[in-house]
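[1] Turn this into a model:
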Amino acid sequence: MLLAVVLIGLLALPYVLSAVIALVRRQCERIAEQRQPAVPPTAPIEKVTADLRRLRAQLEARENGPGLTGKGMRMGAVRTAYVQVLGVACQQLDVPPPRSEPHWHTPLAEIYRVEAQLRERGLDVRPVSMAGSHAA
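    Just a heads-up that it's a prediction; the model follows:
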């Protein structure tokens, strides 16, 4: 009798193992799906434009303002935010995004290149008062 139970167990073992493996695989896939970041909804181009203009104005105000404690750190934070929003605008308007160097540093030449290409596509990131005064 014991021999029959062992024999049946050995015959059923591959089926049981495959079922357990399939169950573990499904659970791992569910966990991986939950860990993936949600795709952020695309902001309307009007909001992206407003954010770019606001951040660029803040950046210019900090650059041209008197020396403050932590000015470099604050400018770096505003510039990083500006470059991130530039990347969103580039994605929406099919413009190559600004290339960053190590440590998230983006050269000004790259920022100017992207601004010019966005301007060619109709998105002027300069504040409205400046954009109107430089019309050619």
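[2] Please name the nearest non-neighbouring residue to Glu110.
    Distance criterion CB to CB, 6 or more residues apart in numbering; nearest residue to Glu110, sequence neighbours excluded, is Pro98 at 4.2 Å. In short, each C-beta sits where N, CA and C put it, glycine included.
[3] no wait, Asp51
    In space, and not counting its chain neighbours, Asp51 is closest to Val85: 5.0 Å by CB to CB, 6+ apart.
[4] list the contacts for the one you found?
    48, 51-52, 55 (CB atoms under 8 Å, 6 or more residues apart in numbering).
[5] residue contacts, Leu55?
    So Leu55 contacts 78, 81-82, 85 (CB under 8 Å, 6+ apart).
[6] Is it located within a helix, as I assumed?
    Yes. Counting by DSSP: H, G, I helix; E, B strand; the rest coil, Leu55 is found in a helix.
[7] Please report the distance of Gly72 from Arg62.
    With distances taken as CB to CB, to the nearest Å, Gly72 is found 10 Å from Arg62.
[8] who's more crowded, these two?
    The residue with more neighbours, out of Gly72 and Arg62, is Arg62; 17 against 10, by other CB atoms under 10 Å.
[9] where's that one, which helix or strand?
    helix 45-64 (DSSP states H and E).
[10] so after that helix, what's the next helix or strand?
    Next along the chain from helix 45-64, counting by DSSP H and E, comes helix 71-93.
[11] distance between that next one and the chain's centre?
    In terms of CA atoms, centre = their mean, to the nearest Å, the gap separating the centre of helix 71-93 from the centre of its chain is 11 Å.
[12] report the angle between the axes of that helix and helix 45-64?
    160 degrees (axes from the mean of the first three to the mean of the last three CA atoms, to 10 degrees).
[13] Buried ones in helix 71-93, by neighbour count?
    Neighbour counts over helix 71-93 (16 or more other CB atoms under 10 Å) mark 75, 78-79, 82-83, 85-90, 92 as buried.
[14] before we move on, the earlier item: could you dump the contacts of Val85 into a markdown table and include pLDDT and distance to Val24?
    A markdown table is the format used below for the contacts of Val85 (pLDDT from 0 to 100; distance: CB to CB, whole Å):
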| residue | pLDDT | distance to Val24 |
| --- | --- | --- |
| Val48 | 92 | 43 |
| Asp51 | 93 | 45 |
| Leu52 | 93 | 47 |
| Leu55 | 93 | 47 |
